[in-house]
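1. give me the fold of what follows.
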Amino acid sequence: MRAVRLHATQDLRFEHIDLPRAPERDEATLSVTAAGICGSDLHNYLTGAWITRAPSVAGHEFTGIVTRVGDAVNHVAAGDRVIVDSRHICGTCPACLDGTGQVCETLGFLGEVIDGGFAEAVTLPARNLLKAPDAVPDRHLALAEPLAVALHALNMLGAPAGAEIVVTGAGPIGGFVTLLARRSGHPVAILDRNGQRAGLVAQATGARVVTPDRLTDMRFRYVVETTGSQHVIRAMLGNIAGASRVALVGIGMPAGIIDPVHLVEREIAVMGCHAFGNELEEIRDLLPELSPRLDPFIAAQIPLEDVPNAYTRLAAGNADGIKTIIICGNNHAD
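-> Numbers count the residues shown, from 1 in each chain. Sure thing, here's the model as predicted:
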(Lines give C-alpha, C1' and ligand atoms only; values in the text may rest on other atoms or scores of the structure.)
Protein backbone atom coordinates (compact mmCIF):
# COMPACT_ATOMS: atom_id res chain seq x y z
CA MET A 1 0.00 0.00 0.00
CA ARG A 2 1.00 3.64 -0.30
CA ALA A 3 2.27 5.29 2.89
CA VAL A 4 4.41 8.12 4.23
CA ARG A 5 6.96 7.10 6.87
CA LEU A 6 9.35 9.05 9.09
CA HIS A 7 12.74 7.31 9.08
CA ALA A 8 14.75 9.87 11.08
CA THR A 9 14.93 13.58 11.77
CA GLN A 10 14.13 15.41 8.50
CA ASP A 11 13.86 12.10 6.64
CA LEU A 12 10.25 11.61 5.54
CA ARG A 13 9.56 9.29 2.61
CA PHE A 14 6.63 8.28 0.42
CA GLU A 15 6.85 4.49 0.07
CA HIS A 16 5.03 1.34 -0.90
CA ILE A 17 4.82 -0.95 2.15
CA ASP A 18 2.95 -4.06 3.26
CA LEU A 19 -0.65 -3.82 4.35
CA PRO A 20 -1.12 -3.58 8.13
CA ARG A 21 -1.41 -6.79 10.10
CA ALA A 22 -4.83 -8.18 11.00
CA PRO A 23 -6.35 -6.72 14.18
CA GLU A 24 -5.96 -8.47 17.50
CA ARG A 25 -9.03 -9.01 19.71
CA ASP A 26 -9.19 -5.39 20.94
CA GLU A 27 -8.06 -3.71 17.71
CA ALA A 28 -9.53 -2.58 14.41
CA THR A 29 -8.26 -1.97 10.90
CA LEU A 30 -9.25 1.14 8.95
CA SER A 31 -9.22 2.13 5.35
CA VAL A 32 -7.94 5.68 5.84
CA THR A 33 -9.81 8.28 3.81
CA ALA A 34 -8.34 11.63 4.92
CA ALA A 35 -5.68 12.96 7.28
CA GLY A 36 -4.29 16.31 8.40
CA ILE A 37 -0.75 17.61 8.78
CA CYS A 38 -0.26 18.99 12.30
CA GLY A 39 2.28 21.43 13.66
CA SER A 40 3.52 18.74 16.04
CA ASP A 41 4.14 16.47 13.02
CA LEU A 42 6.41 19.18 11.65
CA HIS A 43 8.09 19.68 15.05
CA ASN A 44 8.86 15.97 15.28
CA TYR A 45 10.14 15.95 11.69
CA LEU A 46 12.46 18.90 12.32
CA THR A 47 13.73 17.95 15.78
CA GLY A 48 13.16 14.22 16.24
CA ALA A 49 11.73 15.06 19.67
CA TRP A 50 9.31 12.12 19.76
CA ILE A 51 10.90 9.55 17.48
CA THR A 52 10.72 6.33 19.48
CA ARG A 53 10.67 3.89 16.55
CA ALA A 54 11.63 4.09 12.92
CA PRO A 55 10.49 3.89 10.32
CA SER A 56 6.98 4.76 11.45
CA VAL A 57 3.94 5.69 9.38
CA ALA A 58 3.34 9.32 10.35
CA GLY A 59 0.07 11.09 11.13
CA HIS A 60 -2.24 11.29 14.14
CA GLU A 61 -5.11 13.35 12.68
CA PHE A 62 -7.16 11.09 10.43
CA THR A 63 -10.46 9.45 9.65
CA GLY A 64 -11.51 6.34 7.83
CA ILE A 65 -13.83 3.38 7.37
CA VAL A 66 -13.57 0.28 9.56
CA THR A 67 -12.75 -2.79 7.47
CA ARG A 68 -12.19 -5.37 10.20
CA VAL A 69 -12.45 -5.64 14.00
CA GLY A 70 -11.12 -8.00 16.64
CA ASP A 71 -13.34 -10.43 18.53
CA ALA A 72 -13.66 -8.21 21.62
CA VAL A 73 -14.74 -5.08 19.73
CA ASN A 74 -18.43 -4.23 19.74
CA HIS A 75 -18.71 -0.42 19.66
CA VAL A 76 -17.70 -0.18 15.98
CA ALA A 77 -18.13 -2.60 13.09
CA ALA A 78 -16.93 -3.08 9.55
CA GLY A 79 -18.37 -0.35 7.35
CA ASP A 80 -18.53 2.32 10.07
CA ARG A 81 -17.03 5.72 9.35
CA VAL A 82 -15.01 6.79 12.39
CA ILE A 83 -13.01 9.62 13.89
CA VAL A 84 -9.77 8.79 15.66
CA ASP A 85 -8.42 9.58 19.12
CA SER A 86 -4.74 10.39 18.60
CA ARG A 87 -3.64 9.44 22.13
CA HIS A 88 -1.99 6.07 22.77
CA ILE A 89 -2.63 5.41 26.46
CA CYS A 90 -2.15 2.46 28.81
CA GLY A 91 -5.65 2.61 30.32
CA THR A 92 -4.45 1.32 33.69
CA CYS A 93 -2.26 4.00 35.33
CA PRO A 94 -3.75 6.38 37.93
CA ALA A 95 -4.11 9.17 35.37
CA CYS A 96 -6.02 6.94 32.95
CA LEU A 97 -8.23 5.63 35.74
CA ASP A 98 -8.94 9.24 36.71
CA GLY A 99 -10.13 9.93 33.16
CA THR A 100 -7.12 12.12 32.32
CA GLY A 101 -5.50 10.02 29.64
CA GLN A 102 -3.83 13.11 28.21
CA VAL A 103 -1.31 12.80 31.07
CA CYS A 104 -1.04 8.99 31.01
CA GLU A 105 2.23 7.80 32.53
CA THR A 106 3.17 6.17 29.20
CA LEU A 107 1.38 8.57 26.86
CA GLY A 108 2.35 8.44 23.22
CA PHE A 109 0.61 9.32 19.98
CA LEU A 110 -0.43 7.50 16.86
CA GLY A 111 2.15 8.00 14.17
CA GLU A 112 4.91 7.82 16.76
CA VAL A 113 4.62 4.86 19.15
CA ILE A 114 2.56 2.93 16.60
CA ASP A 115 1.88 3.50 12.92
CA GLY A 116 -0.39 6.41 12.12
CA GLY A 117 -2.76 7.51 9.40
CA PHE A 118 -0.60 8.72 6.51
CA ALA A 119 -1.32 5.49 4.64
CA GLU A 120 -4.11 3.72 2.84
CA ALA A 121 -4.80 1.52 5.90
CA VAL A 122 -3.85 1.18 9.54
CA THR A 123 -4.47 -1.20 12.45
CA LEU A 124 -4.87 0.43 15.86
CA PRO A 125 -6.54 0.00 19.27
CA ALA A 126 -10.29 0.00 18.79
CA ARG A 127 -10.77 2.18 21.88
CA ASN A 128 -9.30 5.01 19.78
CA LEU A 129 -12.32 4.97 17.46
CA LEU A 130 -15.59 6.87 17.68
CA LYS A 131 -18.42 6.48 15.19
CA ALA A 132 -18.55 9.55 12.99
CA PRO A 133 -21.71 11.59 12.51
CA ASP A 134 -23.59 11.10 9.28
CA ALA A 135 -23.33 13.54 6.37
CA VAL A 136 -20.06 15.15 7.50
CA PRO A 137 -17.42 15.00 4.71
CA ASP A 138 -14.21 13.07 5.33
CA ARG A 139 -12.09 16.22 4.99
CA HIS A 140 -13.99 17.67 7.97
CA LEU A 141 -13.88 14.45 10.01
CA ALA A 142 -10.08 14.63 9.70
CA LEU A 143 -10.25 17.93 11.61
CA ALA A 144 -11.94 16.41 14.68
CA GLU A 145 -8.68 15.88 16.58
CA PRO A 146 -7.31 19.46 16.29
CA LEU A 147 -10.80 20.79 17.05
CA ALA A 148 -10.74 18.71 20.27
CA VAL A 149 -7.32 20.16 21.16
CA ALA A 150 -8.70 23.66 20.64
CA LEU A 151 -11.80 22.96 22.74
CA HIS A 152 -9.66 21.52 25.54
CA ALA A 153 -7.57 24.71 25.62
CA LEU A 154 -10.70 26.84 25.87
CA ASN A 155 -12.12 24.65 28.60
CA MET A 156 -8.86 24.91 30.54
CA LEU A 157 -8.79 28.69 30.09
CA GLY A 158 -12.24 29.05 31.60
CA ALA A 159 -12.87 32.60 30.42
CA PRO A 160 -16.17 33.99 31.73
CA ALA A 161 -19.04 34.47 29.31
CA GLY A 162 -18.53 37.39 26.97
CA ALA A 163 -14.89 38.03 27.94
CA GLU A 164 -12.49 38.88 25.13
CA ILE A 165 -9.87 36.20 24.40
CA VAL A 166 -6.52 36.93 22.79
CA VAL A 167 -5.32 34.06 20.57
CA THR A 168 -1.66 34.06 19.57
CA GLY A 169 -0.98 32.17 16.37
CA ALA A 170 -3.29 31.76 13.36
CA GLY A 171 -2.35 28.19 12.56
CA PRO A 172 -4.83 25.30 12.79
CA ILE A 173 -5.11 25.29 16.60
CA GLY A 174 -5.29 29.08 16.85
CA GLY A 175 -7.85 29.13 14.07
CA PHE A 176 -10.01 26.48 15.69
CA VAL A 177 -9.71 28.10 19.13
CA THR A 178 -10.96 31.28 17.52
CA LEU A 179 -13.82 29.49 15.74
CA LEU A 180 -15.00 27.76 18.92
CA ALA A 181 -14.58 30.84 21.09
CA ARG A 182 -16.61 32.96 18.66
CA ARG A 183 -19.26 30.24 18.58
CA SER A 184 -19.51 30.58 22.39
CA GLY A 185 -19.95 34.36 22.17
CA HIS A 186 -16.45 35.55 23.02
CA PRO A 187 -14.88 38.48 21.19
CA VAL A 188 -11.48 37.32 19.91
CA ALA A 189 -8.33 39.21 18.98
CA ILE A 190 -6.05 37.10 16.77
CA LEU A 191 -2.31 37.79 16.53
CA ASP A 192 0.09 36.31 13.99
CA ARG A 193 3.16 37.57 12.16
CA ASN A 194 1.59 36.15 8.99
CA GLY A 195 -1.04 38.76 8.25
CA GLN A 196 -2.65 36.72 5.49
CA ARG A 197 -3.32 33.76 7.79
CA ALA A 198 -4.61 36.03 10.55
CA GLY A 199 -6.91 37.64 8.00
CA LEU A 200 -8.22 34.26 6.86
CA VAL A 201 -9.09 33.30 10.45
CA ALA A 202 -10.71 36.68 11.08
CA GLN A 203 -12.80 36.45 7.91
CA ALA A 204 -13.93 32.90 8.74
CA THR A 205 -14.83 33.63 12.36
CA GLY A 206 -15.58 37.32 12.83
CA ALA A 207 -12.51 37.85 15.03
CA ARG A 208 -10.40 41.00 14.82
CA VAL A 209 -6.76 41.02 13.78
CA VAL A 210 -4.27 42.72 16.09
CA THR A 211 -0.61 43.15 15.14
CA PRO A 212 1.94 42.07 17.77
CA ASP A 213 3.20 45.64 18.21
CA ARG A 214 -0.22 46.64 19.54
CA LEU A 215 0.05 44.45 22.64
CA THR A 216 1.33 47.28 24.81
CA ASP A 217 -1.75 49.36 23.91
CA MET A 218 -4.24 46.64 24.87
CA ARG A 219 -5.74 45.53 28.14
CA PHE A 220 -6.45 41.81 28.09
CA ARG A 221 -6.95 39.11 30.72
CA TYR A 222 -7.45 35.85 28.81
CA VAL A 223 -4.98 34.33 26.34
CA VAL A 224 -4.69 31.07 24.45
CA GLU A 225 -1.08 30.79 23.27
CA THR A 226 -0.66 28.40 20.31
CA THR A 227 2.77 29.26 18.88
CA GLY A 228 5.08 27.77 21.51
CA SER A 229 7.43 30.72 20.90
CA GLN A 230 9.32 31.84 23.99
CA HIS A 231 9.32 35.40 22.65
CA VAL A 232 5.54 35.40 22.27
CA ILE A 233 5.01 33.82 25.70
CA ARG A 234 7.32 36.36 27.31
CA ALA A 235 5.46 39.22 25.60
CA MET A 236 2.09 37.82 26.72
CA LEU A 237 3.15 37.50 30.35
CA GLY A 238 4.76 40.92 30.31
CA ASN A 239 1.71 42.72 28.95
CA ILE A 240 -1.29 40.82 30.28
CA ALA A 241 -3.40 42.50 32.96
CA GLY A 242 -3.48 41.31 36.56
CA ALA A 243 -5.92 38.64 37.74
CA SER A 244 -5.60 36.89 34.39
CA ARG A 245 -5.26 33.46 32.79
CA VAL A 246 -3.01 32.10 30.05
CA ALA A 247 -3.54 28.70 28.44
CA LEU A 248 -0.40 27.33 26.77
CA VAL A 249 -1.10 24.82 23.99
CA GLY A 250 1.74 25.50 21.52
CA ILE A 251 4.85 23.32 21.64
CA GLY A 252 8.23 24.93 21.09
CA MET A 253 11.64 24.46 22.67
CA PRO A 254 12.23 24.32 26.46
CA ALA A 255 13.01 27.76 27.87
CA GLY A 256 13.20 29.38 31.31
CA ILE A 257 10.89 32.31 30.67
CA ILE A 258 8.44 32.35 33.60
CA ASP A 259 9.09 34.53 36.65
CA PRO A 260 7.08 33.03 39.54
CA VAL A 261 7.25 36.28 41.54
CA HIS A 262 5.60 38.13 38.65
CA LEU A 263 2.89 35.48 38.44
CA VAL A 264 2.17 35.72 42.17
CA GLU A 265 2.18 39.50 42.41
CA ARG A 266 0.02 39.95 39.31
CA GLU A 267 -2.20 36.89 40.00
CA ILE A 268 -1.52 35.39 36.59
CA ALA A 269 -2.60 31.76 36.24
CA VAL A 270 -0.64 29.86 33.60
CA MET A 271 -1.80 26.39 32.59
CA GLY A 272 -0.47 23.82 30.18
CA CYS A 273 -3.00 22.20 27.87
CA HIS A 274 -1.97 18.83 26.47
CA ALA A 275 -4.06 17.19 23.76
CA PHE A 276 -7.61 16.75 25.13
CA GLY A 277 -9.70 14.91 27.67
CA ASN A 278 -13.32 14.13 26.80
CA GLU A 279 -13.47 16.90 24.21
CA LEU A 280 -13.26 14.56 21.21
CA GLU A 281 -16.72 13.25 22.05
CA GLU A 282 -18.00 16.83 22.32
CA ILE A 283 -16.51 17.69 18.93
CA ARG A 284 -18.00 14.56 17.40
CA ASP A 285 -21.44 15.80 18.44
CA LEU A 286 -20.70 19.36 17.22
CA LEU A 287 -19.32 18.39 13.81
CA PRO A 288 -22.64 18.53 11.91
CA GLU A 289 -23.04 22.14 13.11
CA LEU A 290 -19.39 23.09 12.55
CA SER A 291 -18.96 21.39 9.16
CA PRO A 292 -20.35 24.25 7.01
CA ARG A 293 -17.75 26.58 8.55
CA LEU A 294 -14.64 24.43 8.12
CA ASP A 295 -13.73 24.72 4.44
CA PRO A 296 -12.09 28.17 4.83
CA PHE A 297 -9.53 26.52 7.12
CA ILE A 298 -8.47 23.98 4.47
CA ALA A 299 -5.68 25.41 2.33
CA ALA A 300 -5.09 22.36 0.14
CA GLN A 301 -5.99 18.71 -0.38
CA ILE A 302 -3.04 16.63 -1.53
CA PRO A 303 -2.30 12.94 -2.27
CA LEU A 304 0.06 10.88 -0.15
CA GLU A 305 2.75 11.21 -2.81
CA ASP A 306 2.96 14.96 -2.18
CA VAL A 307 3.34 14.83 1.60
CA PRO A 308 7.17 15.01 1.81
CA ASN A 309 7.21 18.14 -0.35
CA ALA A 310 4.41 19.64 1.75
CA TYR A 311 6.45 19.03 4.92
CA THR A 312 9.44 20.82 3.41
CA ARG A 313 7.33 23.79 2.40
CA LEU A 314 5.41 24.04 5.68
CA ALA A 315 8.51 23.53 7.85
CA ALA A 316 10.13 26.45 6.02
CA GLY A 317 7.19 28.66 7.01
CA ASN A 318 5.77 28.88 3.49
CA ALA A 319 2.11 28.66 4.44
CA ASP A 320 -0.48 31.35 3.86
CA GLY A 321 -3.40 28.95 4.41
CA ILE A 322 -4.36 27.14 7.59
CA LYS A 323 -4.58 23.35 7.14
CA THR A 324 -3.34 20.80 4.62
CA ILE A 325 -5.52 17.72 4.19
CA ILE A 326 -4.13 14.48 2.77
CA ILE A 327 -6.35 12.29 0.61
CA CYS A 328 -5.19 8.82 1.64
CA GLY A 329 -7.41 6.68 -0.56
CA ASN A 330 -8.17 6.98 -4.24
CA ASN A 331 -11.24 9.14 -3.78
CA HIS A 332 -11.71 12.84 -3.04
CA ALA A 333 -12.43 13.55 0.65
CA ASP A 334 -16.04 14.57 0.11
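
2. where does the protein dip in pLDDT?
-> 330-334 (pLDDT under 70).

3. which positions in the helix ranked longest in the chain come out as buried?
-> Counting residues, the longest helix found in the chain (DSSP state H) is helix 144-157. In terms of neighbour count (16 or more other C-beta atoms under 10 Å), helix 144-157 has its buried residues at 144-157. For the C-beta atoms, the positions are set from N, CA and C on the backbone; glycine is no exception.

4. do stretch 255-270 as well
-> Applying 16+ other C-beta under 10 Å to stretch 255-270 flags I268, V270 as buried.

5. contacts for that stretch?
-> Stretch 255-270 has contacts (C-beta atoms under 8 Å, 6 or more residues apart in numbering) with Q230, I233, R234, L237, I240, G242, A243, S244, R245, V246, L248.

6. which parts of the stretch 101-250 of the chain are helices?
-> Counting by DSSP state H, counting those that start in this stretch, the stretch 101-250 of the chain has helices at residues 138-141, 144-157, 172-183, 195-205, 230-239.

7. which other residues reach the first one?
-> Which is helix 138-141. 33-34, 63, 81, 83, 132, 287, 290-291, 294, 298, 301, 325, 333-334.

8. mind listing which of the residues you listed are in helices?
-> Cross-referencing the contacts of helix 138-141 against helices under DSSP H gives L287, L290.

9. narrow the contacts of helix 138-141 to just the buried residues.
-> The buried subset of the contacts of helix 138-141 (16+ other C-beta under 10 Å) comprises 33-34, 63, 81, 83, 132, 287, 290-291, 294, 298, 301, 325, 333.

10. A22 in helix, strand or coil?
-> Per DSSP: H, G, I helix; E, B strand; the rest coil, the local secondary structure of A22 is coil.

11. thinking again about what came up before, would you reformat the buried ones among the contacts of helix 138-141 as a markdown table and include distance to E225?
-> Listed next are the buried ones among the contacts of helix 138-141 as a markdown table, based on distance: C-beta to C-beta, whole Å:
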| residue | distance to E225 |
| --- | --- |
| T33 | 32 |
| A34 | 28 |
| T63 | 28 |
| R81 | 34 |
| I83 | 26 |
| A132 | 31 |
| L287 | 26 |
| L290 | 23 |
| S291 | 27 |
| L294 | 23 |
| I298 | 24 |
| Q301 | 29 |
| I325 | 25 |
| A333 | 31 |
